[in-house]
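Peer 1: have a look at this prediction, sequence included:
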Amino acid sequence: MSARTSEDIQRWLVERVAGFLELTPADIDVRAPFQHYGLDSMEQLRVIGELETWLQRELDETLLRQYPTIESVAAFLAKAA
């Protein structure tokens, strides 16, 4: 499988976060902290779990605290691929 780009990861995260919050992707600001959207720790773990499956690699459960925006998570994961 080829590595995902930052844009691929960002798009996937926007779709997932929007789905969790019953918003449209256009409502999601990739530079806003996850806290801004009120994702609790269980929802964050669920996002990480689904992201692990999609990327087919293990991720640290603190990923969304270490990289608090969709933009920063996507950039980190694309570089770390």
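Peer 2: Done, it's in.

Peer 1: what about the one residue sitting closest to the centre of the chain, which SS state?
Peer 2: Among the residues of the chain, Leu13 comes closest to the average C-alpha position under Cα atoms, centre = their mean, at 4.0 Å. Three-state assignment for Leu13 (DSSP: H, G, I helix; E, B strand; the rest coil): helix.

Peer 1: my guess is it meets Val47, correct?
Peer 2: Yes - look at Leu13 against Val47 with Cβ atoms under 8 Å: they come within range, at 7.4 Å. Backbone N, C-alpha and C define where each C-beta goes, glycine included.

Peer 1: just to revisit the earlier point, residues touching the residue nearest to the centre of the chain, list them.
Peer 2: By Cβ atoms under 8 Å, 6 or more residues apart in numbering, the contact list for Leu13 reads 30, 47, 51, 70, 73-74.
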